[in-house]
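Novice: Below is the sequence, then the predicted model.
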Amino acid sequence: MTSNTLIRCAVVGNPIAHSRSPEIHQAFAKQCDLALHYDRILADPNDFSDHVRGFFAQGGKGLNITVPFKELAFSMAQVRSPRAELAGAVNTLWMDNHVLHGCNTDGVGLLNDLIRLGFDPKNKRILLIGAGGAARGVVLPLLSAQPSHLRIINRTTQKALDVVHELAAQPEPLATTTRIDSGDLNHIEGTWDIVINATSSGLHQQSPLHTAPVFSDNGLAYDMVYGNEPTPFLQQCQQAGASHCADGLGMLVGQAAASFFIWHGYEPELEPVLASLR
Ligand code: ATR
């Protein structure tokens, strides 16, 4: 793909200086010879919608939305994907025929990362910890991969139950073979192939679980938080016998790749970009 016209994209958040999205998107653009300018936009709740409108009014192609504006972006989008609807959050915006579209690519990012790591969720038992925006954003793509069992557990049990109820009412067809249930943070009995931490506990240097789950022989522990050190959750799971531990950097690159595909129609290669970020 070659384009001489400069295409403008950006990520909006607060704080935003730390965001790695510009370097990820520039690396993708290089792969397909796309002339891309990708900015960071610092917004606050009062001027977020002005930034979004102004960006598209000036011919901008696409926006990534990060903390704490994914819910505001959701309410601005005039057309939303079912995945965004279940998440109640949008991380990707674009304009089509003067209509603002919103999607949530976090779940696809996670799913692709699991597959890249050799843990295709098909027929696997998955324990998902958390029922906030991050967990909601990944539930439908996880289910599309047809695990045998998906259990959602959360500190506030009712929120996990709410997600299960909403799943039953959403339009995307679900695999009928998947058992779906929910519970509190102690509801971890059984053996798990993939355990995903979608809570923000790692940001407070805590694991959400008092006791580690039991892993199957080839078990994966995945924390959506990423950083230089393994999170307390990953350390706990490693001690409990998880054969593989992964942080969320691959998910970050994966969600960016899915946004890139929506805006530019090109599926970038993830491995070289991940390697350079590490
Ligand atoms: P996000 O968009 O990152 O998901 P959120 O919607 O505020 O943020 O949700 C945070 C999630 O982390 C929730 O599932 C929360 O549990 P509650 O619903 O009970 O609040 C979970 N969480 C945050 N800190 C936690 C901790 N120390 N232990 C366990 N769960 C925690």
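Specialist: Thanks, I have the structure now.
Novice: Close to the ligand: what parts of the stretch 1-150 of the chain are there?
Specialist: 130, 131, 132, 133, 134, 135 (C-beta under 6 Å from any ligand atom). Glycine gets a C-beta too; all of them are placed from N, C-alpha and C.
Novice: Now with 8 Å, please.
Specialist: 67, 70, 89, 129, 130, 131, 132, 133, 134, 135, 136, 137 (C-beta under 8 Å from any ligand atom).
Novice: May I see the buried residues of the longest helix that the chain contains?
Specialist: When the chain is parsed with DSSP state H, its longest helix is helix 249-264. Residues of helix 249-264 classed as buried by neighbour count (16 or more other C-beta atoms under 10 Å): 249-260, 262-264.
Novice: For it, give the mean pLDDT please.
Specialist: Average pLDDT, helix 249-264: 97.
Novice: Equivalent analysis for stretch 15-23, please.
Specialist: 94.
Novice: what's the span of it, first residue to last?
Specialist: Distance across stretch 15-23, first residue to last, is 17 Å (C-alpha to C-alpha, to the nearest Å).
Novice: So what touches it?
Specialist: 11, 13, 38, 39, 40, 41, 42, 64, 66, 252, 256, 277 (C-beta atoms under 8 Å, 6 or more residues apart in numbering).
Novice: same check, this time on stretch 48-58
Specialist: So stretch 48-58 is contacted by 8, 10, 12, 41, 43, 63, 69, 72-73, 76, 93, 95, 100 (C-beta under 8 Å, 6+ apart).
Novice: Off-centre distance for that stretch?
Specialist: Between the mean C-alpha point of stretch 48-58 and the mean C-alpha point of its chain there is a distance of 24 Å (C-alpha atoms, centre = their mean, to the nearest Å).
Novice: which residue packs closest to the spatially most central residue of the chain, ignoring adjacent ones?
Specialist: Nearest to the geometric centre of the chain sits residue 106, at 2.2 Å (C-alpha atoms, centre = their mean). Leaving aside its sequence neighbours, residue 106 sits nearest to residue 137 (C-beta to C-beta, 6 or more residues apart in numbering; 4.0 Å).
Novice: Kindly report the same for residue 63.
Specialist: residue 93 (4.4 Å).
Novice: per-residue confidence for the one you found?
Specialist: 98.
Novice: Settle this for me: it is touching residue 73, isn't it.
Specialist: Yes: in terms of C-beta atoms under 8 Å, residue 93 counts as a neighbour of residue 73; the distance is 5.9 Å.
Novice: what residues are shared contacts of the two?
Specialist: With C-beta under 8 Å, 6+ apart, residue 93 and residue 73 have common neighbours 52, 63, 65, 102.
Novice: Can you name the residues that contact the third one?
Specialist: Going back to what we said before, that points to residue 65. 11, 12, 13, 72, 73, 90, 91, 92, 93.
Novice: Which strand or helix spans the last one?
Specialist: By that I understand residue 93. Residue 93 belongs to strand 92-96 when assigned by DSSP states H and E.
Novice: With residue 147 as the reference, measure out to residue 179.
Specialist: The gap separating residue 179 from residue 147 is 9 Å, by C-beta to C-beta, to the nearest Å.
Novice: Sounds good, over and out.
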